[in-house]
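> fold the following, please.
(2 chains)
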Amino acid sequence: MKKKKKRGGQLEYHLMMAPGMIFLIIFSFVPMFGIIMAFQDYSPAKGILGSDWVGFDNFTYMLQIPDSMKILRNTLVIAVGKIIFGTLVPIVFALLLNEIRLKWAKKSIQTIVYLPNFLSWAVLAAVFINMFDFHGPINNFLQALGHDPIMFLGSNDWFRSIIVSTDVWKGFGYGAIVYLAALTGIDPGQYEAASIDGANRFNKLVHVTLPGILPTIMLITALNLGNILNAGFDQIFALYNPIVYETGDVIDTYVYRVGLLGQQYSFATAIGLLKSVVACILILSANELSKKLTNMRIF
Amino acid sequence: MKKLISIAAVSMMSIGILAGCTMGSDTKEDSKTKTAATKEELKPFGKYEETVTYTIGKATPGIPKLPQGDTYEDNAYTRYLKETLNIQNEDKFEAQSGDNYNQKVSMAIASDDIPDIMSVDAATLRQLVDNDMVADLTSVYESSASDRLKEKYDSYDGRALDAATFDGKLMALPTTQNANNPTMLWLRKDWLDKLGLEEPKTVDDMEKILTEFVQKDPGGNGEGNTIGLAISSAIGGLYGSLFVADNIFATYNSFPRQWIEEDGKVVYGSITEETKKGLGKLADWYKKGLIDPQLAVRKSIEDTIINGQTGAYFGPWWTPDYPLNSAKQKNADIDWQPYIISEDGSGVITAYTQNPASEFYVVKKGFEHPELLPKLASVLNDKLVYEDYDYEPILDFNKNGFDGGKPLNILINYNDATAQMYKDLKATVDGEKDPQTLSIDDRASFEKITGYLADPAKADANQWSGYMSRMVAGKLMADTKINDVNPVFFGQTKSMKLKWANLVKLEDEAFLKIVTGQKDLNYFDEFVATWKKTGGSDITKEVTEAIKEK
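So this is what the prediction gives:
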């Protein structure tokens, strides 16, 4: 009797997963057949089954043009930057916030900083374009300090930094929520014990708090790795312009522009496939690395 | 157990919803009974018995202006079409003409879900034809285009329709691009006067003026806020457009983005030594601060003109209607005037001409009323212009400066239409021609012009723009001597399909970087080498062959 009940419980859980699985099949697995477009001269009217085959033509051309390496490099640099800073900043912020003892101050700071997470890039881009404008507040400030104004969004030196920092700014408040939750889960007894041993605030941070949230940090980072090559289409698309293609054009924006706007579906698919291959290699190696360093692995 | 059932129910429901999302579309059309048009309905101006609803891709103007309460689907023009032909447009998508519109078209084609009628460019037309997505209009053009419409097309010696003809079949109705040449330098005359400067004749004059504009800030925009010359990030090579520096390039005999013949050989204009010189000039001006320093990141040049920041730009004769009309509305004291500048100040300039057809209207394959397009084109370009020219609602619509009413901006006109327009209006203003004989567009212009002439000081923005574009810029265009350079190729070759988008990107990037000084002028040679290596040479060969075959 007892056994039967247990099995029934499992079935329920499996059924609960069903919508998610169906979603995954329809939106992630079925579209994978579209990859064959990369080996065709695809035309929308003939469809995937009817288009002409061209073999590796699209890939050969991809290797020929200088753009391919450029967009691959940009994608990696921007994505890695976002992962590093997008992980560190929320942790530091959560730790700092945790030290604040005034409850109302803590709550209001928390609310204020996670608000940007709910704004779309279309809206934020308009704000940032004005902020970074040649005559915008940031340049006014620089000029007041005696600097020459800088064309931030039209400069290959600045563009990536701006993409990474604005992305971190948008997401760090929201990201900190998980860490704050993890922090409340630490046994207060440990702090008391540390105090008795004569630890000061900083000692407690290093020896109690950080180890306490380490598993959460590892988990979140591992999950973020899955997104490593999604460098943020909507953000970059809203902020870039031809002059920063060199440093700002990532695989997704390139595929959109050349593939959809330039109507070269097959070529764009080939480039998109490159992204998947690279992402796969990266995730596998990150997994191995994680196992070597911390003895934890995702799969 | 109850719990289990409810969970199962929920998951079944979600499957249903998902399936509905992915498979539910595209069944509607098949159930519609196909009704071919009757003989009466096939006539150019024949009215349908039952209202025919057609979906379109609506290209909206950059600065939307419709009367209060009107929409793109319900305004003076659509009501007129409903009255005359009993047809009603339904907008499948609406997007600002230009990049935004092209984006929507690309998306529609990619998802194989195009509107019944839409406008596309030459490359897209070829793709649609190759993919068998658009209807053959050969027979409906014969039956349903009015005589005058055919006459207008014929005034191009067949060149216009040829561009839309594939294997002897007419696959689209092209709009006709009657001469928009030359583009002119538009300058803030009130700033010139304020600074006590002479009107420009040469490129050097222009440089001096721009320097003064930027340094002395006659508009009172605050230090560093005045833009000398506004240029779009495309830099040059877009025929008859606003904000491109084609006039400057032409002084060096450079014709960017055009296939031209040089010493018997076909060359792509963007990679010539002459273009390098033109870019060098612009880079020099940029360095001196004469060109908008933010040109790469500028989202709307129109805004800088409307708010009085900009001192000069290049634009065609019609630019008083857009965007100067809005600038005048905002500040009645502005005085924009057109000038022809040339290298030696002689007023004779060089300019490239264009394919008579640059925009094409296609009908979706399977749409049951393909004749609707030639009929609509006939009514808008013939009946409305020559028969119903005194139709009050549309006269009012135009007089008040509204824009975007026509469901399709399909403009078909005689080859010499712009010159003729100026002649007609001039004769009418001089009292040699009866205003009643003017076409509907010209009559709206005529009323604006007389309104302006009655009291120039009190004229409103619409009257001012009507006068400036038709009488001032129109006259300048009619009077200027132009050495025409005729590009030799407008089509698409085989390799272009895969490689052209990348080459265009390369070109955009290189031009912009050179002008804004991120790369020095010698980078141009590197650009040319990359351009040739990554497909440019192959395409040039194909273009040469394509021309030989003709």
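
> contacts only, for residue 75.
Let's take chain A. Residues in contact with A:Thr75 (Cβ atoms under 8 Å, 6 or more residues apart in numbering or on different chains) are A:229, A:231, A:250-252, A:275. Bear in mind the C-beta positions are built from the backbone N, C-alpha and C, glycine included.

> the intended chain is chain B.
B:66-67, B:397, B:402, B:405 are the contacts of B:Asn75 under Cβ under 8 Å, 6+ apart.

> so which of these comes closest to B:Ala160?
Of all the contacts of B:Asn75, B:Ala160 sits closest to B:Gly405, with 24.6 Å by Cβ to Cβ.

> quick check, the closest one in a helix?
No - counting by DSSP: H, G, I helix; E, B strand; the rest coil, B:Gly405 falls outside a helix, being coil.

> that one and B:Tyr77 touch, don't they?
Yes - using Cβ atoms under 8 Å, B:Gly405 is in contact with B:Tyr77, at 3.9 Å.

> any common contacting residues for these two?
B:394, B:397.

> okay, now the residue of the stretch 1-150 of chain B at minimum distance from chain A: neighbour count?
Of all residues in the stretch 1-150 of chain B, B:Asn131 sits closest to chain A, at 3.5 Å by Cβ to the nearest Cβ. B:Asn131 has 18 neighbours, counted by other Cβ atoms under 10 Å in any protein chain shown.

> now do B:Gly401
20.

> before we move on, which element is the closest residue to it other than its chain neighbours in?
In this structure, B:Gly401 finds its nearest non-sequential neighbour in B:Asn462, 4.0 Å apart by Cβ to Cβ, 6 or more residues apart in numbering or on different chains. Here B:Asn462 sits within helix B:461-467, counting by DSSP states H and E.

> now the helices: where do they sit in the stretch 51-200 of chain B?
B:76-85, B:99-110, B:122-130, B:138-144, B:147-154, B:159-162, B:189-195 (DSSP state H, counting those that start in this stretch).

> okay, those helices in JSON lines with mean pLDDT and mean neighbour count next?
Shown next, in JSON lines, are these (pLDDT from 0 to 100; neighbours: other Cβ atoms under 10 Å in any protein chain shown):
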{"stretch": "helix B:76-85", "mean pLDDT": "94", "mean neighbour count": "19"}
{"stretch": "helix B:99-110", "mean pLDDT": "88", "mean neighbour count": "18"}
{"stretch": "helix B:122-130", "mean pLDDT": "87", "mean neighbour count": "20"}
{"stretch": "helix B:138-144", "mean pLDDT": "94", "mean neighbour count": "17"}
{"stretch": "helix B:147-154", "mean pLDDT": "93", "mean neighbour count": "18"}
{"stretch": "helix B:159-162", "mean pLDDT": "86", "mean neighbour count": "18"}
{"stretch": "helix B:189-195", "mean pLDDT": "96", "mean neighbour count": "17"}
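
> excluding sequence neighbours, find me the nearest residue to the residue of the stretch 1-150 of chain B closest to chain A.
A:Ala45 (3.5 Å).

> repeat that for A:Asp252.
Counting by Cβ to Cβ, 6+ apart, A:Asp252 lies nearest to A:Phe233, which is 4.1 Å off, once chain neighbours are set aside.

> again with A:Tyr240
According to Cβ to Cβ, 6+ apart, the nearest residue to A:Tyr240 is A:Gly248 (4.5 Å).

> show the contacting residues for that neighbour.
A:74, A:78, A:156, A:159-160, A:163, A:236, A:239-240.

> same check, this time on B:Ser143
By Cβ under 8 Å, 6+ apart, the neighbours of B:Ser143 are B:42-43, B:371.

> put the buried members of the contacts of B:Asn75 into a ChimeraX selection.
In ChimeraX, a selection of the buried entries from the contacts of B:Asn75 looks like this (16 or more other Cβ atoms under 10 Å in any protein chain shown):
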select /B:66,397,402,405
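
> least confident pick among the contacts of B:Asn75?
In terms of pLDDT, the lowest of those is B:Phe402, showing 87.

> out of everything not next to it in sequence, what's closest to that residue?
B:Lys65 (5.2 Å).

> just checking, the one you found touches B:Gly404?
Yes - between B:Lys65 and B:Gly404 there is a contact at 7.0 Å, judged by Cβ under 8 Å.

> what does the stretch 1-150 of chain A have sitting close to chain B?
Within the stretch 1-150 of chain A, the positions lying close to chain B (Cβ under 8 Å from any Cβ of the partner chain) are A:8, A:11-12, A:15-16, A:18-19, A:22-23, A:26, A:41, A:43-47, A:57-58, A:61, A:64-67, A:129, A:133-135.

> identify the residues contacting B:Tyr101.
Contacts of B:Tyr101 (Cβ under 8 Å, 6+ apart): B:57, B:59, B:95, B:119.

> so who does A:Arg160 touch?
A:74, A:77-78, A:81, A:247-248.

> wait, what's in contact with B:Gly345?
B:201-202, B:205.

> spatially central residue in chain A, please.
A:Asn227 (5.4 Å; Cα atoms, centre = their mean).

> what residues does stretch B:369-376 touch?
Here stretch B:369-376 has contacts from B:37, B:41-42, B:44-46, B:52, B:54, B:81, B:85, B:87, B:116-117, B:135-137, B:140-141, B:143-145, B:149, B:173, B:361, B:363, B:407-408, B:410, using Cβ under 8 Å, 6+ apart.

> any weak-confidence spans in the stretch 451-550 of chain B?
B:550 (pLDDT under 70).

> what parts of it come near chain A?
B:497-502, B:504-506, B:508-509, B:512-513, B:516, B:518, B:530, B:533-534.

> closest residue of chain B to chain A?
For chain B, Cβ to the nearest Cβ, closest residue to chain A: B:Ala501, 3.1 Å.

> helices along the stretch 51-200 of chain A, start to end?
In the stretch 51-200 of chain A, the helices defined using DSSP H, counting those that start in this stretch lie at A:57-64, A:67-99, A:103-114, A:121-131, A:137-144, A:159-184, A:188-196.

> worst mean pLDDT across the helices and strands of chain B, which element?
Taking mean pLDDT, DSSP states H and E as the measure, chain B has helix B:28-31 as its least confident helix or strand, at a mean of 40.

> and the helix or strand that that one is followed by, what does it pack onto?
Per DSSP H and E, the first helix or strand lying C-terminal to helix B:28-31 is helix B:39-42. Contacts defined by 3 or more Cβ pairs under 8 Å, 6 or more residues apart in numbering or on different chains; DSSP states H and E place helix B:39-42 against helix B:138-144.

> how many residues are close by whichever residue of the stretch 151-299 of chain A sits closest to chain B?
Nearest residue of the stretch 151-299 of chain A to chain B: A:Gly262, at 3.1 Å (Cβ to the nearest Cβ). Per other Cβ under 10 Å, the neighbour tally for A:Gly262 reads 20.

> same thing with B:Phe511?
Neighbours of B:Phe511 (other Cβ under 10 Å): 27.

> where does B:Pro393 land on pLDDT?
91.

> coming back round to it: can you pick the most crowded of the contacts of B:Ser143?
B:Glu371 (26 neighbours).

> picking up where we left off before, how about a markdown table for the helices of the stretch 51-200 of chain A, with mean pLDDT added?
Shown next, in a markdown table, are the helices of the stretch 51-200 of chain A (pLDDT from 0 to 100):
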| stretch | mean pLDDT |
| --- | --- |
| helix A:57-64 | 89 |
| helix A:67-99 | 90 |
| helix A:103-114 | 90 |
| helix A:121-131 | 91 |
| helix A:137-144 | 91 |
| helix A:159-184 | 92 |
| helix A:188-196 | 91 |
